[in-house]
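Engineer: A predicted structure for the sequence below; I have some questions about it.
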Amino acid sequence: MAGEFGNPEVVQEEVDILLIGGGMACCGAGYEVMRWADAAKAETGMDLKIKLVDKAAMDRSGAVAQALSAINTYIGTEQDPADYARMVSNDLMGITRDDLAYDLGRHVDDSVHLFEEWGLPIWKTDENGERHDGSQGLPALKDGGKPVRSGKWQIMINGESYKWIVAEASKKALGMDRIQERVFIVKLVNDKNDPNRIAGAVGFSTREHKVYVFKAKAILLAAGGCVNIFRPRSVGEGTGRAWYPVWNAGSTYAMAAEAGAELTMMENRFVPARFKDGYGPVGAWFLLFKAQAVNAYGEVYMQKNKELLNDYPPYGQAAVPASCLRNHLMLKEMQEGRGPIYMDTVTALAKLRETLTPREVKHLEAEAWEDFLDMCVGQCGIWVGENIEPEKKNSELMPTEPYLLGSHSGCCGIWVSGPTDVGAPTDETHADAGKIPGHLPKGWNWGYRSMTTVKGLFTAGDGVGASGHKFSSGSHAEGRMCAKSMVKYCIDNKDLKPELDTPVEQLVEDIYKPVRTFLEFKDYTTAIDVNPNYITPKMLQFRLQKIMDEYVAGVATYYKTNANMLQVAEDKLGMLKEDAEKMRAKDLHELLRAWENYHRILTAEAHMKHIQFREESRYPGFYYRMDKNFVDEENWHCFVNSIYDKTSKQWTCFKRAHVDLVDKSKLFKPAAH
């Protein structure tokens with residue numbers, strides 16, 4: 001029997017492996033972990049206890065919740081993992097972990113083949129080169145079937161049930177008795193006998209008055225990236241509309257940081273250029289339909305402004321400019337008054353009609369709508385509401401507010417151990433090596449693939465830093481890698497008995513503090529939302545978004561900041577953290593919102609501190625340090641990493657050396673000047 005509001009029932013459970021999250025990464029881990037656990041039982045007699053805990057419900061959890069129309073990472077036979085590592089590096093301005101990208105590149109296709117085996121329809125081309133939805137009886141990818149590629153790495157799918165299919169396989173492998181849905185894990189707990197080891201996690205039910213306390217030897221923290229720390233472009237009745245899933249509250253980064261894990265590249269953010277107001281996807285339009293983006297006068301700004309790319313050698317000389325540089329060229333048009341920016345759908349569809357049969361044209365127009373219906377149905381609503389038929393009227397494009405993530409076109413996240421067989425450095429040779437805190441591991445691998453610098457704590461998907469462009473398939477594959485690593489970790493530490501460093505009673509009080517605040521002061525005023533003794537989670541979030549938007553390079557300043565603005569942000573975030581202690585929760589939903597805010601504030605602070613520390617503009621088009629408005633290859637071609645001390649609440653930022661493990665020279669042509 002569940003407790004009552006303010007007096008929750010406490011449920012304690014001891015497991016070997018705890019999976020936190022229900023997105024693609026944890027679905028991959030959930031599917032994979034049982035085969036290794038069964039093998040361990042057969043070999044050693046160990047019967048591992050495994051639990052997956054998800055804030056939502058796995059069928060519609062994570063970034064793929066609303067479905068997708070393409071799988072963005074499939075290597076196939078045309079490329080190899082080194083090509084993939086090169087692409088990832090180029091799109092993220094040269095600072096990524098080649099070992100992580102290469103390792104993912106050699107594993108990701110296996111996950112895609114599983115998706116097809118489980119029932120995901122993947123578009124194919126027949127012997128005549130004609131495209132077909134689904135497979136239509138054509139060979140599976142693993143048997144030589146040829147996917148319809150919308151780009152070098154992307155393949156088209158009928159993906160409206162993508163997440164359901166992947167979640168079903170994970171649930172079937174784990175068994176529902178090992179899955180706990182609607183429980184929001186909000187704190188990791190370190191080991192009483194070893195502060196640099198994980199011992200457990202604690203959270204609460206979003207449906208019942210229960211607090212859950214887990215002890216675990218190994219934990220996979222894969223709770224997505226971070227949305228809504230910046231003021232969104234959608235306001236009023238559109239508040240809450242975002243490109244990335246709004247329930248991604250930076251929990252991965254904040255909980256890892258508080259546990260003592262080393263973060264990396266938290267200055268990086270993604271600012272996607274998407275269809276205005278609906279945030280609809282542009283990939284299929286650019287890649288499959290060959291549409292071009294134009295300014296208000298019909299000029300193709302990527303051609304008109306291409307000389308600007310020469311300001312950023314060697315990255316501007318790549319055959320495919322980095323995503324941030326494409327934004328950079330767009331922003332010039334907008335700031336100089338040549339907006340709005342449009343996706344020229346009319347010309348693109350007209351050109352395709354010249355080479356297609358009437359049947360193919362009809363199919364193509366259906367695809368244009370299905371692209372949104374598969375993954376962003378709100379954009380269809382905007383087209384309908386604004387009388388837009390894509391073959392007759394162009395649609396506006398707009399860069400969004402910034403997002404923090406590690407699996408899409410961004411690379412912020414957690415520093416993890418990589419593979420041992422690809423020549424990654426095993427020591428730290430950087431000039432600033434002496435400034436790296438001594439308790440952190442040296443080099444790029446320390447025993448278990450995807451383990452953070454905290455023993456027993458693993459991450460995947462958006463959690464893994466310095467290796468973007470994993471997308472859905474890569475996140476799934478990375479989760480599978482973690483599953484194998486965690487089972488090995490448990491076997492190697494079979495006699496470990498985790499002990500929480502904080503009493504359970506204290507953990508419960510920490511979690512329910514917003515509830516206690518509400519119950520103590522709710523009768524002080526007659527208007528429940530107006531009270532000098534507490535602040536509502538909604539109002540606190542507005543304050544956070546305003547600070548980040550105006551001082552840390554949000555849309556209000558066209559993504560521009562400087563050292564003085566960042567100092568103001570630091571001061572204001574410090575006060576906001578103090579005021580966050582007075583957040584209230586009048587029900588379980590507000591308790592969820594309060595804890596999302598705690599996570600967002602810590603993530604926002606990490607982002608601000610990293611931009612402050614990196615004295616250059618590494619990602620023009622995503623943000624500009626106007627006092628350091630250049631890419632400084634001599635001093636800043638390195639990783640910026642950090643750790644957080646939860647006792648002193650202080651950040652320590654430092655450099656780690658960057659090393660190329662694959663040849664990048666083939667990406668670039670000589671600079672024009």
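Structural biologist: That came through fine. Residues are numbered from 1 along each chain as shown.
Engineer: wait, is residue 70 part of a strand?
Structural biologist: Yes: the assignment for residue 70 by DSSP: H, G, I helix; E, B strand; the rest coil puts it in a strand.
Engineer: for it, what are its contacts?
Structural biologist: Applying Cβ atoms under 8 Å, 6 or more residues apart in numbering, we find residue 70 in contact with 150, 154-157, 159, 283-284. Glycine gets a C-beta too; all of them are placed from N, C-alpha and C.
Engineer: how about a cut-off of 10 Å?
Structural biologist: Neighbour list for residue 70: 122-123, 147-151, 153-157, 159, 281, 283-284, 287-288, 371, 374-375, 471-472 [criterion: Cβ atoms under 10 Å, 6 or more residues apart in numbering].
Engineer: which residues in the stretch 551-673 of the chain form strands?
Structural biologist: For the stretch 551-673 of the chain, the strands defined by DSSP state E, counting those that start in this stretch cover 560-561, 624-625, 638-645, 650-657.
Engineer: Can you tell me the strand partners of the third one and which way each runs?
Structural biologist: Read that as strand 638-645. strand 263-264 (antiparallel), strand 650-657 (antiparallel) (DSSP bridges).
Engineer: if we can go back for a sec, just the buried members of the contacts of residue 70?
Structural biologist: 122-123, 147-150, 153-157, 159, 281, 283-284, 287-288, 371, 374-375, 471-472 (16 or more other Cβ atoms under 10 Å).
Engineer: give me the beta-bridge partners of the spatially closest residue to residue 410 that is not a sequence neighbour?
Structural biologist: Closest residue in space to residue 410, ignoring its immediate chain neighbours: residue 270 at 3.8 Å, by Cβ to Cβ, 6 or more residues apart in numbering. For residue 270, the beta-bridge assignment (DSSP bridges) gives partners residue 403.
Engineer: Give me the neighbour count for residue 270.
Structural biologist: 25 (other Cβ atoms under 10 Å).
Engineer: In this structure it contacts residue 559, no?
Structural biologist: No: using Cβ atoms under 10 Å, residue 270 is not in contact with residue 559; the gap is 11.6 Å.
Engineer: returning to that earlier point: could you say which of the strands paired with strand 638-645 is packed most deeply?
Structural biologist: strand 263-264 (a mean of 26; mean count of other Cβ atoms under 10 Å).
Engineer: mind listing which of the contacts of residue 70 are in strands?
Structural biologist: 155-157, 159 (DSSP state E).
Engineer: Please produce a markdown table containing the residues you listed, extended by pLDDT.
Structural biologist: What follows is the ones in strands among the contacts of residue 70, written out as a markdown table (pLDDT from 0 to 100):
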| residue | pLDDT |
| --- | --- |
| 155 | 95 |
| 156 | 91 |
| 157 | 93 |
| 159 | 92 |
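Engineer: Arrange those residues in TSV, one row each, with distance to residue 92 as further columns.
Structural biologist: Shown next, in TSV, are those (distance: Cβ to Cβ, whole Å):
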residue	distance to residue 92
155	22
156	25
157	25
159	25
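Engineer: Residue 380: which of these is nearest?
Structural biologist: If you rank those by distance to residue 380 using Cβ to Cβ, residue 159 comes first, at 15.5 Å.
Engineer: So in terms of bridging, what pairs with the closest one?
Structural biologist: Beta-bridge partners of residue 159, as defined by DSSP bridges: residue 68.
Engineer: I'd like to check which residues are in contact with it.
Structural biologist: Counted by Cβ under 10 Å, 6+ apart, residue 159 has contacts 64, 66-71, 115, 120-122, 165, 370, 374-375, 472.
Engineer: what's the closest of those residues to residue 589?
Structural biologist: Of these, the one sitting nearest to residue 589 (Cβ to Cβ) turns out to be residue 66, at 21.1 Å.
Engineer: thought the closest one was touching residue 376?
Structural biologist: Yes: at 6.7 Å, residue 66 counts as touching residue 376 under the criterion of Cβ under 10 Å.
Engineer: If you count surrounding residues, which of the two has more?
Structural biologist: Looking at residue 66 and residue 376 with other Cβ under 10 Å, you find the greater number of neighbours at residue 376, namely 22 against 17.
Engineer: quick one: the more buried one and residue 274 touch, right?
Structural biologist: Yes: using Cβ under 10 Å, residue 376 makes contact with residue 274 at a distance of 8.5 Å.
Engineer: so what sits against both of those two?
Structural biologist: Joint contacts of residue 376 and residue 274 (Cβ under 10 Å, 6+ apart) are 243, 280-281.
Engineer: Need those in TSV (columns: distance to residue 82 and pLDDT).
Structural biologist: Output for the shared contacts of residue 376 and residue 274, formatted as TSV (distance: Cβ to Cβ, whole Å; pLDDT from 0 to 100):
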residue	distance to residue 82	pLDDT
243	31	91
280	33	87
281	28	85
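Engineer: Rebuild the residues you listed as JSON lines, extending it with distance to residue 489.
Structural biologist: Output for the shared contacts of residue 376 and residue 274, formatted as JSON lines (distance: Cβ to Cβ, whole Å):
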{"residue": "243", "distance to residue 489": "35"}
{"residue": "280", "distance to residue 489": "42"}
{"residue": "281", "distance to residue 489": "38"}
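Engineer: Below-threshold pLDDT in the chain: ranges please.
Structural biologist: Counting by pLDDT under 70, the chain contains low-confidence ranges at 1, 135, 669-673.
Engineer: Try it again at 50.
Structural biologist: 671-673 (pLDDT under 50).
Engineer: about what we covered before: which of the contacts of residue 159 sits closest to residue 306?
Structural biologist: residue 70 (26.8 Å).
Engineer: burial measure for residue 128, as a count.
Structural biologist: Neighbourhood size, residue 128 [other Cβ under 10 Å]: 5.
Engineer: Distance of it relative to residue 146?
Structural biologist: From residue 128 across to residue 146, the span is 11 Å (Cβ to Cβ, to the nearest Å).
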